[in-house]
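**Q** Pasting the sequence and the predicted coordinates here, then a few questions.
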Amino acid sequence: MALEDLNEQQLEAVKQIEGPLLILAGAGSGKTSTMTNRIAYMISQGIAPYNILAVTFTNKAAKEMRDRVETLIGARRGMWIMTFHAMCLRILRSHAEEAGYKSDFVVYDTSDQKTLVKGIMKEKGISDREFPVNSILASISRQKEKGRTPDKVDYSQYHDTRSKAVAEVYTEYQKRLIKNNAMDFDDLLLNTVLLFKGHPDALKEYQDRFQYIMVDEYQDTNRLQYQMISMMAAQHHNLCVVGDDDQCIYEWRGADIRNILDFEKDFRDAKVIKLEQNYRSKGNILAAAHSVISHNKGRKKKELWTQADDGEKITYFRTESDRDEAEHIASLIESMVSKGREYSDFAILYRTNAQSRIMEERFQREGIPYRVLSGMRYYDRKEIKDAIAYMRLIVNPSDDLSLVRVINEPKRGIGAKTIDKLSAYAAIRGQSLLEGLSDPDGELLASLGTKARSGVSDMINVIKYIRNNKDQMSVEDVYSTLLENTGYLKALEDAQTIEAEARIDNLMEFKSVIAEYEESVDTPTVEEFMSTMTLSAEQDNYDENQPTVTMMTLHSAKGLEFPVVFMPGMEDGLFPGSRAFDSEQDMEQERRLCYVGMTRAKELLFLSSAEVRTRYGRTEYTRESQFLREVDKTLLKGDAVYESRSNGTGAGGNVGVSTGDFDGYSSGKAYRPFDSLSYAKRETRAHKVGASGSGEKFKPGDKVSHQKFGQGLVIEDTGSIVTVAFDSVGIKKLAKGIAVIKKI
Ligand code: ATP
Ligand code: MG
């Protein structure tokens with residue numbers, strides 16, 4: 001999009017480059033596009049890219065913006081377009097010492113954090129049944145978001161056992177992070193703010209440099225991010241923030257809607273520009289989203305309009321079960337694809353990650369290509385995590401967590417007890433494990449048996465060798481050398497199982513991740529590769545060029561757009577979540593999430609719910625979402641299943657909209673792959689039979705048949721998972737209750 005395509009307000013915002021500026025506008029009004037054009041415009045006005053900082057919410061958004069700026073103006077050397085976390089990482093790398101770290105510090109992801117906290121809780125005898133690890137971590141995170149380091153947490157202030165536990169774990173957790181020369185995500189923000197506060201020189205360096213600062217998705221910044229940006233902009237005052245108070249969805253992660261609502265107060269001479277034309281969605285979609293969000297009280301009133309025609313009404317359907325819902329969505333997609341749409345036109349946006357499973361199962365069965373965006377999914381695999389742990393040791397020898405992970409991978413005869421003993425020895429000497437074990441005559445190695453000792457020394461030598469030579473090696477070399485010389489790959493090859501083979505495949509596939517990185521930068525380094533990897537978020541895996549349906553949570557869909565959007569699970573207790581019914585604030589936040597979801601759709605929007613849904617292993621009747629009731633009825637077309645249920649007993653009695661408008665289904669002119677009423681009844685019954693049948697217990701050696709894979713032999717049945725060797729496709733693990741397997 002070039003300058004001449006912008007509307008009047010957008011152009012005004014682009015040209016207003018001096019002084020504080022708030023671009024406040026609804027979804028799809030071109031905020032991000034305006035920001036991109038603004039950068040291009042600044043450069044055309046002779047401002048050096050070096051002096052520009054643009055902060056985005058995800059790496060993907062940053063990349064997109066970089067690409068767009070590049071097509072607009074060509075090279076963009078020295079310009080910082082990146083996420084908050086990536087920016088902090090850069091700043092802290094160059095000021096690590098001042099921040100109290102060594103410059104090769106690593107960043108821990110969520111699972112590292114969990115491992116660390118779990119270990120600490122065990123040592124301190126704090127039960128993770130009573131206080132789940134995740135909730136402790138969330139509390140620690142909240143402290144950090146408020147800028148409270150452990151020394152600022154006053155023990156005596158707490159009387160309940162939980163707060164005490166949090167304080168105790170937090171203190172130890174932070175100690176370990178520092179000892180391991182590691183930071184978590186919150187530390188990146190907090191340490192940057194602390195650095196700026198404690199080292200005015202460091203701050204000055206960035207104030208001088210970044211004469212023009214821009215922040216996208218500003219409504220979701222937390223207090224620390226806000227502080228950081230205000231400090232950086234304090235000298236030049238050229239701060240432009242872009243946001244929509246109706247799309248603030250990260251309050252639970254510390255996002256502070258005040259940051260946007262108070263911008264005019266905080267920056268006295270701020271100019272406010274509103275964008276009101278929506279370029280993304282058809283009229284009905286926009287109107288429906290608006291009818292929902294207008295139920296929120298504390299919002300800045302904005303009206304969006306569009307030149308686009310009304311388009312189709314929003315389709316709502318209620319099926320008998322969550323399986324039917326998935327099946328119906330699959331059929332709708334197939335039917336639209338047969339009429340010429342691409343799979344990549346579709347997105348399925350849900351409230352909780354758990355909802356994808358049933359959808360995936362159905363899509364697999366139908367052979368519909370799909371991708372689930374769940375961030376670390378790939379990196380969560382054991383073999384990839386092992387490989388990453390080895391790589392981390394190359395970057396950061398203080399990383400005990402990683403060493404513990406791989407010290408017995410492949411098997412070197414080191415058990416948990418030995419690891420505890422080694423850790424204790426190292427701790428006494430104030431060394432990291434790797435340091436301790438590196439000493440050939442040291443106590444640590446001496447304490448091991450002969451076999452373990454030689455295995456561990458070999459491993460340490462490989463790590464040492466690569467550490468010393470890594471500057472002459474490509475990232476891929478480092479990776480391959482580690483896999484081969486530590487014996488990791490060989491152990492898998494020797495195993496000769498299908499599982500091991502799959503692991504090898506994954507390890508090889510990881511090379512393409514490395515290759516992609518090496519191609520994307522001028523001077524690739526292992527250090528940088530490791531950091532960019534930890535920082536990648538869910539949305540970063542989204543590639544609109546992939547010919548697949550995309551599934552993701554509503555939260556990760558921010559900023560994106562799709563021709564056709566499905567929002568399944570529109571049920572009270574699921575969306576909005578049950579907590580929202582006790583708190584108006586939570587309810588408003590859920591409503592904003594609903595608004596974000598609906599406004600992702602360009603042409604068609606489908607909302608749906610199921611009368612019966614299985615969650616956490618329990619099957620329950622549901623009530624239709626409050627948000628459905630809030631959608632302007634005249635914009636909906638319902639379906640017969642829904643109509644008959646809402647008047648009947650079943651679900652939640654007479655709750656819900658009565659659309660009174662079935663033009664889509666009764667006239668058959670809309671997408672109508674089948675008669676939903678009879679379909680739902682028939683299928684649900686069939687499923688129920690299937691469900692009880694799947695409770696069947698199999699013995700190893702039982703002959704079974706599967707609808708898709710054909711015949712096979714049962715290897716194992718754990719109760720929930722059956723492992724079957726199929727004649728056609730080899731060994732598959734199948735979830736019982738989903739897969740229909742019959743004994744023959
Ligand atoms: P969100 O609130 O979801 O982040 P946004 O306000 O950032 O949305 P964009 O993503 O920038 O909106 O733009 C939405 C769509 O509108 C994009 O497809 C973009 O190309 C298009 N668009 C924006 N401005 C114009 C314009 N002036 N003329 C034509 N299309 C436009
Ligand atoms: Mg945007």
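**A** Here it is on my side, so go on. Ligands and ions are numbered 1, 2, ... in the order given.

**Q** helices and strands around the longest strand along the chain, which ones?
**A** Secondary structure assigned by DSSP state E gives strand 601-615 as the longest strand of the chain. Contact here means 3 or more CB pairs under 8 Å, 6 or more residues apart in numbering; DSSP states H and E; on that basis strand 601-615 packs against helix 283-293, strand 314-321, helix 322-338, strand 562-567, strand 618-621. C-betas here are computed from N, CA, C, even on glycine.

**Q** and it, how far from the chain's centre?
**A** Strand 601-615 sits 21 Å away from the centroid of its parent chain (CA atoms, centre = their mean, to the nearest Å).

**Q** Same check on stretch 478-495?
**A** Chain-centre distance of stretch 478-495: 30 Å, with CA atoms, centre = their mean.

**Q** now do the same end-to-end measure for that stretch.
**A** Terminal residues of stretch 478-495 lie 24 Å apart, using CA to CA, to the nearest Å.

**Q** Mind listing residues that contact it?
**A** When contacts are defined by CB atoms under 8 Å, 6 or more residues apart in numbering, stretch 478-495 is touched by residues 383, 386-387, 390-391, 394, 406, 409-411, 458-459, 462-463, 465-466, 470, 473, 500-501, 503-504, 507, 510-511, 514, 526.

**Q** Leaving out chain neighbours, which residue sits closest to the residue of the stretch 551-700 of the chain at minimum distance from ligand 1?
**A** The nearest approach of the stretch 551-700 of the chain to ligand 1 comes at residue 559, 4.3 Å away (CB to the nearest ligand atom). The spatially closest residue to residue 559, leaving aside those adjacent along the chain, is residue 61, at 5.7 Å (CB to CB, 6 or more residues apart in numbering).

**Q** Identify the element of secondary structure that the one you found sits within.
**A** In the assignment (DSSP states H and E), residue 61 maps to helix 59-73.

**Q** coming back round to it: tell me the strands beside the longest strand of the chain, with direction?
**A** Take DSSP bridges as the rule and strand 601-615 pairs in its sheet with strand 314-321 (parallel), strand 562-567 (parallel), strand 618-621 (antiparallel).

**Q** Against residue 597, how distant is residue 284?
**A** 15 Å (CB to CB, to the nearest Å).

**Q** Relative to residue 455, how far out is residue 449?
**A** 10 Å.

**Q** what comes up buried for stretch 335-355?
**A** With burial defined by 16 or more other CB atoms under 10 Å, the residues of stretch 335-355 counted as buried are 336, 341, 343-351, 353, 355.

**Q** before we move on, the earlier item: I only care about the contacts of stretch 478-495 that end up buried; give me the PyMOL line for that.
**A** Applying 16+ other CB under 10 Å to the contacts of stretch 478-495, the buried members can be selected in PyMOL as follows:
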select buried, resi 383+386+387+390+391+394+406+409+410+459+462+463+466+470+503+504+507+510+514+526
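
**Q** and the residue of the stretch 601-744 of the chain nearest ligand 2?
**A** Using CB to the ion, the single residue of the stretch 601-744 of the chain nearest to ligand 2 is residue 602, 14.1 Å away.

**Q** Please read the previous query as pertaining to the stretch 1-150 of the chain.
**A** Residue of the stretch 1-150 of the chain nearest ligand 2, by CB to the ion: residue 32 (3.3 Å).

**Q** got the residues of the chain near ligand 1?
**A** 1, 5-7, 10, 25, 27-33, 244, 247, 279-280, 559, 561 (CB under 6 Å from any ligand atom).

**Q** The residues you listed in strands, which ones?
**A** Among the residues of the chain next to ligand 1, DSSP E puts residue 25 in strands.

**Q** Give me the buried entries from the residues of the chain next to ligand 1.
**A** Among the residues of the chain next to ligand 1, those classed as buried by 16+ other CB under 10 Å are 6, 10, 25, 27-33, 244, 247, 279-280, 559, 561.

**Q** Where does pLDDT dip in the stretch 1-150 of the chain?
**A** Within the stretch 1-150 of the chain, the stretches with pLDDT under 70 are 75-77.

**Q** how about the helices in it?
**A** In chain order, the stretch 1-150 of the chain shows helices spanning 8-15, 31-44, 59-73, 84-94, 110-123, 133-145, with DSSP state H, counting those that start in this stretch as the criterion.

**Q** hey, which of those helices is tucked in deepest?
**A** Of all the helices of the stretch 1-150 of the chain, helix 31-44 has the most neighbours on average by mean count of other CB atoms under 10 Å, namely a mean of 22.

**Q** Could you list every helix and strand in contact with that helix?
**A** The contact analysis (3+ CB pairs under 8 Å, 6+ apart) places helix 31-44 against helix 8-15, strand 21-25, strand 52-56, helix 59-73, strand 212-215, strand 239-243.

**Q** Output it as PDB, restricted to C-alpha atoms.
**A** Output of helix 31-44 as PDB, limited to C-alpha atoms (Å, rounded to 0.1, in the frame of the first residue of the first chain):
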ATOM      1  CA  LYS A  31      -3.300   1.000  12.300                       C
ATOM      2  CA  THR A  32      -0.500  -1.300  11.500                       C
ATOM      3  CA  SER A  33      -0.500  -0.300   7.800                       C
ATOM      4  CA  THR A  34      -0.300   3.300   8.800                       C
ATOM      5  CA  MET A  35       2.600   2.600  11.100                       C
ATOM      6  CA  THR A  36       4.500   0.900   8.300                       C
ATOM      7  CA  ASN A  37       3.900   3.800   5.900                       C
ATOM      8  CA  ARG A  38       4.900   6.200   8.600                       C
ATOM      9  CA  ILE A  39       8.300   4.600   8.800                       C
ATOM     10  CA  ALA A  40       8.700   4.800   5.100                       C
ATOM     11  CA  TYR A  41       7.600   8.400   5.100                       C
ATOM     12  CA  MET A  42      10.100   9.300   7.800                       C
ATOM     13  CA  ILE A  43      12.900   7.800   5.800                       C
ATOM     14  CA  SER A  44      11.800   9.600   2.700                       C
END
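
**Q** Check the offset of that helix from the chain's centre.
**A** Distance, centroid of helix 31-44 to centroid of chain: 27 Å (CA atoms, centre = their mean).

**Q** and residue 525, what is it in contact with?
**A** Contacts for residue 525 (CB under 8 Å, 6+ apart) come out as residue 475.

**Q** and the gap between it and residue 364?
**A** 39 Å.

**Q** how about the nearest residue to residue 250 once chain neighbours are set aside, what does it touch?
**A** Counting by CB to CB, 6+ apart, the nearest residue to residue 250 once its immediate chain neighbours are dropped is residue 220, at 4.5 Å. Neighbouring residues of residue 220 by CB under 8 Å, 6+ apart: 57, 243, 247-250, 255, 558.

**Q** and with 10 Å instead?
**A** Residue 220 makes contacts with 57, 243-244, 247-251, 253-257, 259-260, 555, 558, as judged by CB atoms under 10 Å, 6 or more residues apart in numbering.

**Q** next one: stretch 121-141 to chain centre, how far?
**A** A distance of 23 Å separates the centroid of the chain from that of stretch 121-141, by CA atoms, centre = their mean.

**Q** just checking, residue 190 touches residue 142?
**A** No - checked against CB atoms under 10 Å, the pair residue 190 and residue 142 is beyond contact range at 11.9 Å.

**Q** ok so, going back, how about the longest strand of the chain as PDB, C-alpha atoms only?
**A** Extracted in PDB, the C-alpha atoms of strand 601-615 (Å, rounded to 0.1, in the frame of the first residue of the first chain):
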ATOM      1  CA  ALA A 601     -12.900 -12.200   9.600                       C
ATOM      2  CA  LYS A 602     -13.000 -10.500   6.200                       C
ATOM      3  CA  GLU A 603     -15.900 -12.200   4.500                       C
ATOM      4  CA  LEU A 604     -17.600 -14.900   6.500                       C
ATOM      5  CA  LEU A 605     -17.900 -15.500  10.200                       C
ATOM      6  CA  PHE A 606     -19.300 -18.600  11.800                       C
ATOM      7  CA  LEU A 607     -20.100 -18.800  15.500                       C
ATOM      8  CA  SER A 608     -21.000 -22.100  17.100                       C
ATOM      9  CA  SER A 609     -21.700 -24.000  20.300                       C
ATOM     10  CA  ALA A 610     -22.400 -27.600  21.300                       C
ATOM     11  CA  GLU A 611     -25.100 -28.700  23.700                       C
ATOM     12  CA  VAL A 612     -22.800 -31.300  25.200                       C
ATOM     13  CA  ARG A 613     -19.100 -30.800  25.600                       C
ATOM     14  CA  THR A 614     -16.400 -32.900  27.200                       C
ATOM     15  CA  ARG A 615     -13.900 -30.900  29.200                       C
END
